[in-house]
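1. Turn this into a model:
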Amino acid sequence: MEKQPSDMGKYGAGNTSGSFALTAHKTCPARGGAWQGMGSSSLKRLLRRGAQSGSAALQQEEPRATLQGRRHLSILHSGPSERTMLLLTQVVWFAALCAVVLGCPTIVSRSQWGARPPKSRVPLKTPVPLLIIHHTDGKSCSSQAACSRVVKGIQNDHMDRNRWADIGYNFLVGEDGRVYEGRGWTTRGAHAPSMNKISLGVSFMGSYTGRTPSPAALNAARGLIQCAISRGYLRRDYTLKGHRNVNPTDCPGNALYRLITKWPHFKA
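-> Down below sits the predicted model:
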């Protein structure tokens, strides 16, 4: 078991079915990317590609048509063929599944930010009923390079000074609008003593006593919550808390705490 001080201070406690759903989970980017925040313009591009694919298929069929069959081609050209409609339907379903089933913000993986390997790990039983918001009470950051340095510093502090197996949080959020993978979805964190085995710990990088995180960071955190629900790691009837609600600490800072009390599912 990892020993955790009661107040860690800085850096611490401080019905879609069948093949379509399976295809979406296997094919959509797992960490945000092109499907993130899909809008109408993206869907239009997908529909255009689907229509072009259907048109190309129709053009391939036409030279092979017999003289007798050519009289029917005018009917095919006068409206969408069955094949074209099928392709369009598949495109729309695929787009919807990627946007709704996954719906995740950009998540920078451990390998991308240069994480040290953990000393050990304890599996986290999911979906968990609780999500706890923290702040690191240290440096904030507004680029991937800067945030990666901050996350590495926090991991070193947790592993070397606290003697933990890994960085304590499941995820961290930067003011660059990216989420940084800590222990991830399926490993028990070390962020809130007595609550680690039933919660995900999400920490905003920076100190948020006198100000709130950037809109980009807040949007990324809200997107991560929806992502956790969609992927089955967080219960739909989850409870949201600030760290101060479960342990004696000022975390996640007064300004951020006041803000999250207005978020859905919050309960002191």
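2. Where do the helices of the protein begin and end?
-> 18-27, 40-61, 67-78, 82-97, 110-113, 144-156, 215-230, 254-260 (DSSP state H).
3. Quick check: Leu200 touching Gly168?
-> No: the criterion here is CB atoms under 8 Å, and Leu200 misses it with Gly168 at 12.0 Å. C-beta: built from backbone N, CA, C; applies to glycine.
4. Overlap of the contact sets of those two?
-> Common contacts of Leu200 and Gly168 (CB atoms under 8 Å, 6 or more residues apart in numbering): Gly189.
5. neighbour-wise, which of these two wins?
-> Per other CB atoms under 10 Å, whichever of Leu200 and Gly168 has more neighbours is Gly168, with 31 against 28.
6. so that one makes contact with Gly201?
-> Yes: under the criterion of CB under 8 Å, Gly168 makes contact with Gly201 at 6.9 Å.
7. In stretch 120-129, which residues are buried?
-> 124, 127-128 (16 or more other CB atoms under 10 Å).
8. hang on, Glu181 packs against Tyr169?
-> No: look at Glu181 against Tyr169 with CB under 8 Å: they stay out of range, at 9.6 Å.
9. So the two - more neighbours on which side?
-> Tyr169 (29 against 21).
10. In this structure the more buried one contacts Ser199, no?
-> No: counting by CB under 8 Å, Tyr169 does not reach Ser199; the two are 10.8 Å apart.
11. any residues in contact with both of the two?
-> What both Tyr169 and Ser199 touch, as defined by CB under 8 Å, 6+ apart, is the set 189, 191.
12. which residues does the nearest residue to Pro264 once chain neighbours are set aside contact?
-> Excluding its sequence neighbours, the residue lying closest to Pro264 (CB to CB, 6 or more residues apart in numbering) is Leu240, at 7.4 Å. For Leu240, the contact set (CB under 8 Å, 6+ apart) comprises 130-131, 133, 225, 260, 263-267.
13. And the strands in the stretch 101-250 of the chain, which stretches?
-> Using DSSP state E, counting those that start in this stretch, the strands of the stretch 101-250 of the chain run over 107-108, 128-135, 171-173, 179-181, 199-204, 234-242.
14. Can you check what angle separates the last one from strand 199-204?
-> To tie it back to what came earlier, the one meant is strand 234-242. Angle of strand 234-242 versus strand 199-204, following axes from the mean of the first three to the mean of the last three CA atoms, to 10 degrees, is 50 degrees.
15. Just the mean pLDDT for strand 234-242, thanks.
-> Averaging pLDDT along strand 234-242 yields 98.
16. Just the CA coordinates for that strand, please, in CSV.
-> The C-alpha trace of strand 234-242 is given here as CSV (Å, rounded to 0.1, in the frame of the first residue of the first chain):
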residue,chain,number,x,y,z
LEU,A,234,-17.4,6.3,-14.7
ARG,A,235,-21.0,5.5,-13.7
ARG,A,236,-23.7,7.6,-15.3
ASP,A,237,-25.0,8.5,-11.9
TYR,A,238,-21.5,9.5,-10.7
THR,A,239,-20.9,12.0,-7.9
LEU,A,240,-18.5,14.9,-8.4
LYS,A,241,-16.5,16.2,-5.5
GLY,A,242,-13.6,18.5,-4.8
